[in-house]
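S.K.: Structure of the sequence below:
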Amino acid sequence: MEKTNYMSRRVLFSIALVALVVSSTMASEVILSAENLNASLKQIQRLQAGLEDATQDERPGLLFQLGVTADDLAMLLTNEVIVYDMQQRGLIDLAMQRTEESGVAILWFPEKKRFIYDGAAFREYLEMVREGDEAAEGAFRLLEIEFFQSDGNDIESLLLAAEHKKQYLLHYPDYSRAAEAGILLAVDYRDLWRLYRDSGDHENAQRYGENTLTQFQQIAERYPGTREARIAEGLFQRFEAELLDDTSVTPDNTGGG
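M.R.: The predicted model follows:
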């Protein structure tokens, strides 16, 4: 399998995951408007100004708010493109210009049809605070940023990304985003299976094939009736079908993570 195929499959999953969020809103509604864009940009400017004079105690809260505002703006722009393509090109260009002027990096990835915030405020925040729901939320958003930036075609970066998600699940097992982090981990395992299979490393392919199935199963069993469980069940079935079509290695369904 060529690297471009790895990338296209991961990109398709990324777009589908975003579409699940978009589907929770009415497509007939305006997603991006001058009013809500202006509100986000003003909030970013206020937070940046606040950080210039913030005390040590004030700084973490402002950083977290800045990260959330920037990341939510990136999602707002992404949703707009998914639903309406580039009909609001003027507002999108304005958003990119103003955030860059404010020192906030939101990048456009055309092959993924996604705007991605670089997560700088979250990283600085997590250097100061590691416990609590805000820390868990910031850490999850960094996992998402890492996931959506990845093309899924490099073994070393995927192993590192998978380790980040495993550490997240160990540190924040009861946070509301744990199921989503588990799905992203399963997709990393699946991509590692593909890469090891195609490199002829059947031992590691076997291992990560089993890990993929187990991880999807665990999510479905731990969070029954949730959106995340339905996603995991669907991806489990698709991966099983991929295994049946593959002749190089056929893992069983008993492995662990």
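
S.K.: Helices along this structure, start to end?
M.R.: 3-22, 34-52, 59-84, 89-101, 120-128, 133-149, 155-171, 178-199, 202-222, 227-245 (DSSP state H).

S.K.: Can you check which of the ones you listed gets nearest to residue 114?
M.R.: Closest to residue 114 of those is helix 59-84 (C-beta to C-beta; 4.9 Å). Using the backbone N, CA and C atoms, a C-beta is placed for each residue, glycine as well.

S.K.: and the closest one, which residues are buried?
M.R.: Of the residues in helix 59-84, 60-71, 73-83 count as buried by neighbour count, 16 or more other C-beta atoms under 10 Å.

S.K.: Report the residue spans of the stretch 1-150 of the chain with pLDDT below the cut-off.
M.R.: 1-30 (pLDDT under 70).

S.K.: Could you rerun that using 90?
M.R.: 1-32, 82-87, 111-113, 150 (pLDDT under 90).

S.K.: likewise the stretch 151-257 of the chain?
M.R.: 151-153, 245-257.

S.K.: Contact partners for residue 126?
M.R.: Counting by C-beta atoms under 8 Å, 6 or more residues apart in numbering, residue 126 touches 135, 138, 139, 142.

S.K.: ok, now which ones touch the last one?
M.R.: Read it as residue 142. 119, 122, 123, 126.

S.K.: Check the gap between it and residue 181 for me.
M.R.: In this view, residue 142 and residue 181 are 11 Å apart by C-beta to C-beta, to the nearest Å.

S.K.: Please apply the same query to the first one.
M.R.: Applying C-beta to C-beta, the value for residue 135 to residue 181 is 14 Å.

S.K.: who has more neighbours, these two?
M.R.: Using other C-beta atoms under 10 Å, the more surrounded residue of residue 135 and residue 181 is residue 181, with 25 against 20.

S.K.: rewinding a little: quick one: which two of the contacts of residue 126 are the most distant?
M.R.: With C-beta to C-beta as the measure, no two of the contacts of residue 126 lie farther apart than 135 and 142, at 10.8 Å.

S.K.: hang on, the earlier thing: let's have the contacts of residue 126 in CSV, adding distance to residue 99.
M.R.: Formatted as CSV, the contacts of residue 126 follow (distance: C-beta to C-beta, whole Å):
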residue, distance to residue 99
135, 24
138, 19
139, 22
142, 18
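
S.K.: List just the nearest of the residues you listed to residue 167.
M.R.: The closest of those, once distances to residue 167 are taken by C-beta to C-beta, is residue 139, at 9.1 Å.

S.K.: thought the closest one was touching residue 172?
M.R.: Yes - shown here, residue 139 and residue 172 form a contact pair, counting by C-beta atoms under 8 Å, at 6.8 Å.

S.K.: Near residue 189, how many other residues are there?
M.R.: A count of neighbours around residue 189, defined by other C-beta under 10 Å, yields 25.

S.K.: same question, residue 100
M.R.: For residue 100, using other C-beta under 10 Å, the count is 12.

S.K.: now do residue 200
M.R.: So residue 200, with other C-beta under 10 Å, has 9 neighbours.

S.K.: Quick one: residues contacting it.
M.R.: So residue 200 contacts nothing (C-beta under 8 Å, 6+ apart).

S.K.: Kindly provide the distance from it to residue 151.
M.R.: Residue 200 is 21 Å from residue 151, by C-beta to C-beta.

S.K.: do residue 195 as well
M.R.: Taking C-beta to C-beta, one finds residue 195 at 11 Å from residue 151.

S.K.: which of the two has more neighbours?
M.R.: Under the neighbour definition other C-beta under 10 Å, residue 195 and residue 151 were set side by side, and residue 195 has more, 22 against 19.
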